[in-house]
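Q: Got a predicted structure here, sequence first:
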Amino acid sequence: MLSRKASCDSHGQDSSYFLGWQEYEKNPYHEVQNPNGIIQMGLAENQLSFDLLESWLASNTDALGLKRNGRSVFRELALFQDYHGFPAFKNELVEFMAKLRGYKVAFDPNKLVLMAGSTSANEILMFCLAEPGEAFLLPTPYYPGFDRDLKWRTGVEIVPIHCSSSNDFRITACALEEAYQRAQKLNLKVKGVLVTNPSNPLGSTLNRDELNHLIDFAIKKEVHIISDEIYSGTVFDSPSFISITEAVMEKHVDHETDLLGRIHIVYSLSKDLGLPGFRVGMIYSNNETVVAAATKMSSFGLVSSQTQFLLSNMLSDKKFTSKYIKENQRRLKKRKDMLVSGLRSAGIGCAKSNAGLFCWVDMRYLLRSDTFEAEKELWKRILFEVGLNISPGSSCHCSEPGWFRVCFANMSQETLKVAIRRIEVFAESSSSASGRENLSHQRSVRNSRRSLSKWVFPISSYNDHEPADR
Amino acid sequence: MKLLSRKAMCNTHGQDSSYFLGWQEYENNPFDEVQNRNGIIQMGLAENQLSFDLLESWLANNPDVAGFKRDGNSIFRELALFQDYHGLPSFKKALVEFMAEIRGNRVTFDPSRIVLTAGATSANETLMFCLAEAGEAFLLPTPYYPGFDRDLKWRTGAEIVPIHCTSSNGFQITASALEEAYQEAEKRNLRVKGVLVTNPSNPLGTTMTRNELNLLIKFITAKNIHLISDEIYSGTVFKHSPRFVSVMEVLKDRDYDKTEVWNRVHIVYSLSKDLGLPGFRVGAIYSNDDMVVAAATKMSSFGLVSSQTQYLLSALLSDKKFTKNYISENQKRLGKRQRMLVMGLQKAGISWLESNNAGLFCWVDMRHLLHSNTFEEEMELWKKIVYDVGLNISPGSSCHCSEPGWFRVCFANMSEATLNLAMQRLTDFVAEYSTANGHKRLHHSSKNSKKTSLTLPDKWLIRRLNWIRKIQKWLSRHLNWIEKIQNGC
């Protein structure tokens, strides 16, 4: 009676990522009303800088009240459904995007297409670039929502590019080629690579090597690169963010090949400005046909004109945006440092990160065995016994069990402290639980010592807690 | 290797049709009462601009709502973060109550069965994704809204098979037309998954009769298929006209709510037409089928309604005093505006579908102005009306009408003065056109339309006026060229 799309579960929303969310909804932590509830650490939201936005709104009531110079523009906005988007808004957005990239690249508002969130943007790009049954390569671990956003209604396949902790999950030329070969074996035509930069869930920016590998790969195989840069404004530490456009410019390949026509950027205001509810996403492409097709497809999810007007006003205030970007990044860094040192004192290490709203946490030593079943078990314990909803690496298609994404920007400082305390207690009790755990911990300590230079925080924590002390 | 998808490269998005081309021409030379009186008057856009003052006055009296405040407290954070695809509960509640109010509270809706989407465009596509595989078909009565070719087919791969309706019975759906369409689909090896109707109809501007609704219900029961009822114009029924009867009402009256047919009827709604807010992107799917609601809810992730907008409109629609007054006043104004258009058509000797009792447009009969009963002729006539008369109206062929000569003419997206001017242009055109074609009298197919004949002095004046207008147009087209020469470019 219904379509397969409606009846099946390939929307991926029965994965643990969403299930954990559901559990949290049933028993949400509240400082006063439910202090034993589950703390939501699986939602990559930026709640740290609302006061800055609220203060701007309080001083700019016209923008809220749909007024321009004191005169109502309600009618104009009520009728504005042009899928080319509000011109003033697009101008401000490209300016904002350039600012986030230190003005190392410039964007043309005519190449920007607006749609209701990056969820919509990513799906539209799939519709534009691939037929059902064709594939995109994605480095693992990746955002769980991609299984739905990229595949569900489009029929496109995802083939993972396996990245591993041995080199901080960096993309290598070898891994790219291996993924491509695997796709070929599966009879899947590869149309491109999609990366998230800064990465979700790793919380780190792609380095020059990785970007160059991607570019070389895209040139050689004549495929597209989609760079989902929705966290570009959350880079709070060095190294600085290098956009795909910048990398291509620096390689001076844009003139020799038609590579530029195969580079597409996805952006959104959900993470940088913390406004997921307003549904503002966009595609930036140098390919005219893609821009034209995506523009028409955006009809299926336009941005509310009321919202376009408000945000075009906000982004046009350059003094505000400069202050916001800087302060927001400072707060994110502070919060991340808090989580990382809290985890360290619990004997838990993290991947080194410089961006995003989360940490990529190494809990391998807490696993009963080096398996995804053990990871699931651990995740459930953390969800139900410890009361923290964190995202297990398997939901992000990580190839190694034991990694978890833990968000830090969607709660108050006090709540984060409570969460850290709970982790400490749990880690302590887990460590003393059995000798087997000690053995596997010793094993992983030896492994970490081998890659000493790469893991600053975990090494210092393991040094502090020799096996005999635990 | 093919770089882009077929969807990106092809034109099955239907946007090369005259519907959109006329729009583009208007964009190139838009009429303005002061700055461009010779421009093209947009009569191809079904927008409701008649009742903004009511909305503006409500906003002025409720500044808190736009200011993200509730009871004086800021709820900005809550809204900024609210991306739950289940939608703002207060908005869904207010919306279903508004929908019930429009239906005279003869049907009620359950807010947990409504799914919010960014516009009816998104709602219709989402339903296709939920109900049909690529290559399966939905039957649509003609004429239908040109946008459906894109909305229902483009990315879904679903097919549309027309249910041919004719002027012989006011374009009403008949049992035989339904059956014929079904057989046609079978011949083309297309599995039919359902019927989609727009009620009130776009472009006919009429509400479906109970008879038609009963026929539809009988048909979908017999064939075991779905029915989608796009009711986005349900609030635009003119005052003192036959009222809107929703398919839900008929199902309830016939006790179908206890049967499984109930689960196969889905409604699409939007605030773009009734409230005149297409820019805010508020659409909805209402379904009694749990699985459809569940799947559509997840799919709405691809086009959620801005929380800022949900909040504003939940407050607006919760104000029952406002909604009651708005619905009534809006319908009154629409009726008045339609009568104005119709009087203008009469003067021009043009008839229209007289069952027109809803919508933002009139389905106009210009068959008598065709040289021959063909769609080529209809296109010729349309081009003349766009370029020479300066009216962008929608030709029936863009709506897949099976008979040439019908046009959809919108009346609610301009001022009264502009509408009068448009009617004057039309009158002048018809007179000149008829004269030029050697017609002494204008022929009408409708029983009640009046025959008009112009006197000799009138005709002379009209011909002179048209000549002056042509010169004005030529001058404005060549002004740029002249300026360039002067500037030495």
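A: Yep, that arrived.
Q: Whichever residue of the stretch 101-250 of chain A sits closest to chain B - how many residues pack around it?
A: Nearest residue of the stretch 101-250 of chain A to chain B, counting by CB to the nearest CB: A:C128, 4.1 Å away. Every C-beta, even on glycine, is put in place using the N, C-alpha and C of the backbone. A:C128 has 27 neighbours, counted by other CB atoms under 10 Å in any protein chain shown.
Q: and it, that's in a helix?
A: Yes: applying DSSP: H, G, I helix; E, B strand; the rest coil, one finds A:C128 inside a helix.
Q: Would you check how far apart it and A:D82 are?
A: Using CB to CB, to the nearest Å, A:C128 is found at 20 Å from A:D82.
Q: again, but for B:Y144
A: Distance from B:Y144 to A:D82, by CB to CB: 23 Å.
Q: centroid residue for the chain?
A: Using chain A here. By CA atoms, centre = their mean, the mean C-alpha position of chain A lies nearest to A:N200, the distance being 3.2 Å.
Q: think we crossed wires, I meant chain B
A: B:N202 (4.7 Å).
Q: Need the three-state assignment for that one.
A: coil.
Q: which SSE is the residue nearest to it when sequence neighbours are not counted in?
A: Nearest residue to B:N202, sequence neighbours excluded (CB to CB, 6 or more residues apart in numbering or on different chains): B:Y145, at 4.6 Å. If you go by DSSP states H and E, B:Y145 is not part of any helix or strand.
Q: Just give me the neighbour total for B:Y145.
A: When neighbours are counted by other CB under 10 Å, B:Y145 comes out with 24.
Q: ok now do it, which residues does it touch?
A: B:T198, B:N202, B:P203, B:C399 (CB atoms under 8 Å, 6 or more residues apart in numbering or on different chains).
Q: Which one (most neighbours) among these?
A: In the contacts of B:Y145, the most neighbours by other CB under 10 Å go to B:P203, 29 neighbours.
Q: so how far is B:R106 from that one?
A: Distance from B:P203 to B:R106, by CB to CB: 26 Å.
Q: Ok, B:I75 next?
A: 35 Å.
Q: ok, which stretches of the stretch 351-489 of chain B are strands?
A: Along the stretch 351-489 of chain B, the segments classed as strands by DSSP state E, counting those that start in this stretch run B:351-352, B:361-365, B:391-392, B:394-395, B:406-410.
Q: looking at the ones you listed, which is closest to chain A?
A: Here strand B:406-410 is closest among those (CB to the nearest CB), at 13.0 Å.
Q: What residues of that closest one count as buried?
A: B:W406, B:F407, B:R408, B:V409, B:C410 (16 or more other CB atoms under 10 Å in any protein chain shown).
Q: Looks like the fourth one contacts B:F361 (just checking).
A: Looking back up the chat, that one is B:V409. Yes: using CB atoms under 8 Å, B:V409 is in contact with B:F361, at 6.0 Å.
Q: Next up, the contacts around the closest residue to A:I124 other than its chain neighbours.
A: Distance criterion CB to CB, 6+ apart; nearest residue to A:I124, sequence neighbours excluded, is A:M297 at 4.8 Å. Each residue near A:M297 by CB under 8 Å, 6+ apart is listed here: A:M115, A:I124, A:F127, A:C128, B:W154, B:R155.
Q: Find the residue closest to A:L186 in space, skipping its chain neighbours.
A: A:V159 (7.2 Å).
Q: one step back: so the residue nearest to the centre of chain B touches B:T236, yeah?
A: No: between B:N202 and B:T236 there is no contact under CB under 8 Å: 10.0 Å.
Q: Pull up the overlap in contacts between those two.
A: With CB under 8 Å, 6+ apart as the test, B:N202 and B:T236 both reach B:G359.
Q: can you give me the strands for the stretch 101-250 of chain A?
A: Going by DSSP E, counting those that start in this stretch, the stretch 101-250 of chain A shows strands at A:112-115, A:135-139, A:157-161, A:190-196, A:224-228.
Q: helices and strands around the first one, which ones?
A: In other words, strand A:112-115. Contact analysis of strand A:112-115 by 3 or more CB pairs under 8 Å, 6 or more residues apart in numbering or on different chains; DSSP states H and E lists helix A:87-100, helix A:118-129, strand A:281-285, helix A:288-297 as its packing neighbours.
Q: quick one: average pLDDT of the second one?
A: Okay, so that is helix A:118-129. In this model, helix A:118-129 has a mean pLDDT of 97.
Q: From the contact counts, what lies against it?
A: Partner elements for helix A:118-129 (3+ CB pairs under 8 Å, 6+ apart): strand A:112-115, helix A:146-149, strand A:190-196, strand A:224-228, strand A:263-268, strand A:281-285, helix A:288-297, helix B:6-9.
Q: Kindly report the residues of the stretch 251-400 of chain B close to chain A.
A: B:264, B:272, B:276-281, B:289, B:291-292, B:295-296, B:298-299, B:301-309, B:312 (CB under 8 Å from any CB of the partner chain).
Q: who touches residue 300 in this structure?
A: Answering for chain A, as no chain was given. Neighbouring residues of A:F300 by CB under 8 Å, 6+ apart: A:S120, B:A118, B:G119, B:T121, B:S122, B:E125, B:D151, B:R155, B:F302, B:G303.
Q: I was thinking of chain B, sorry if that wasn't clear
A: Here B:S300 is in contact with B:Y85, B:V115, B:L116, B:T117, B:S122, B:T126 (criterion: CB under 8 Å, 6+ apart).
Q: isn't the second one right next to B:D290, touching?
A: Okay, so that is B:V115. No: look at B:V115 against B:D290 with CB under 8 Å: they stay out of range, at 11.7 Å.
Q: So these two - more neighbours on which side?
A: B:V115 (28 against 11).
Q: Okay, strands next: where are they in the stretch 351-470 of chain A?
A: Counting by DSSP E, counting those that start in this stretch, the strands of the stretch 351-470 of chain A are A:358-362, A:388-389, A:391-392, A:403-407.
Q: what would those look like in CSV with mean pLDDT and mean neighbour count?
A: Output for the strands of the stretch 351-470 of chain A, formatted as CSV (pLDDT from 0 to 100; neighbours: other CB atoms under 10 Å in any protein chain shown):
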stretch, mean pLDDT, mean neighbour count
strand A:358-362, 98, 26
strand A:388-389, 96, 27
strand A:391-392, 94, 28
strand A:403-407, 97, 27
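Q: Tell me which of those lies nearest to chain B.
A: strand A:403-407 (13.0 Å).
Q: before we move on, back to that, among the helices and strands packed on helix A:118-129, which comes closest to B:R254?
A: helix A:146-149 (39.1 Å; CB to CB).
Q: chain center to that closest one: distance?
A: 13 Å (CA atoms, centre = their mean, to the nearest Å).
Q: Which residue is it, in the stretch 351-489 of chain B, that comes closest to chain A?
A: B:N413 (8.3 Å).
Q: quick one, what contacts that residue?
A: So B:N413 contacts B:Q42, B:M43, B:L45, B:A46, B:E47, B:N48, B:Q49, B:L360 (CB under 8 Å, 6+ apart).
Q: Show me which of those residues are buried.
A: B:Q42, B:M43, B:L45, B:A46, B:E47, B:N48, B:Q49, B:L360.
Q: Would you mind giving these as TSV with pLDDT and secondary structure added?
A: Shown next, in TSV, are the buried ones among the contacts of B:N413 (pLDDT from 0 to 100; DSSP: H, G, I helix; E, B strand; the rest coil):
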residue	pLDDT	secondary structure
B:Q42	95	strand
B:M43	96	coil
B:L45	91	coil
B:A46	95	coil
B:E47	95	coil
B:N48	96	coil
B:Q49	96	coil
B:L360	98	coil
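Q: Which of these sits closest to B:L345?
A: Using CB to CB, B:M43 is the member of the buried ones among the contacts of B:N413 that lies nearest B:L345, at 11.8 Å.
Q: Tabulate the CA atom coordinates of stretch B:59-73 in PDB.
A: Taking C-alpha atoms only, stretch B:59-73 is exported to PDB below (Å, rounded to 0.1, in the frame of the first residue of the first chain):
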ATOM      1  CA  LEU B  59       0.800  42.000  14.500                       C
ATOM      2  CA  ALA B  60       0.800  45.600  15.700                       C
ATOM      3  CA  ASN B  61      -1.400  44.600  18.600                       C
ATOM      4  CA  ASN B  62       0.800  41.600  19.500                       C
ATOM      5  CA  PRO B  63       4.400  42.800  19.300                       C
ATOM      6  CA  ASP B  64       5.600  40.300  21.800                       C
ATOM      7  CA  VAL B  65       5.000  37.400  19.500                       C
ATOM      8  CA  ALA B  66       7.300  38.600  16.800                       C
ATOM      9  CA  GLY B  67       9.700  39.500  19.500                       C
ATOM     10  CA  PHE B  68      10.100  35.900  20.700                       C
ATOM     11  CA  LYS B  69       8.300  36.700  23.900                       C
ATOM     12  CA  ARG B  70       5.700  34.700  25.800                       C
ATOM     13  CA  ASP B  71       4.000  36.500  28.800                       C
ATOM     14  CA  GLY B  72       6.800  39.100  28.600                       C
ATOM     15  CA  ASN B  73       9.600  36.500  28.900                       C
END
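Q: No further questions, thank you.
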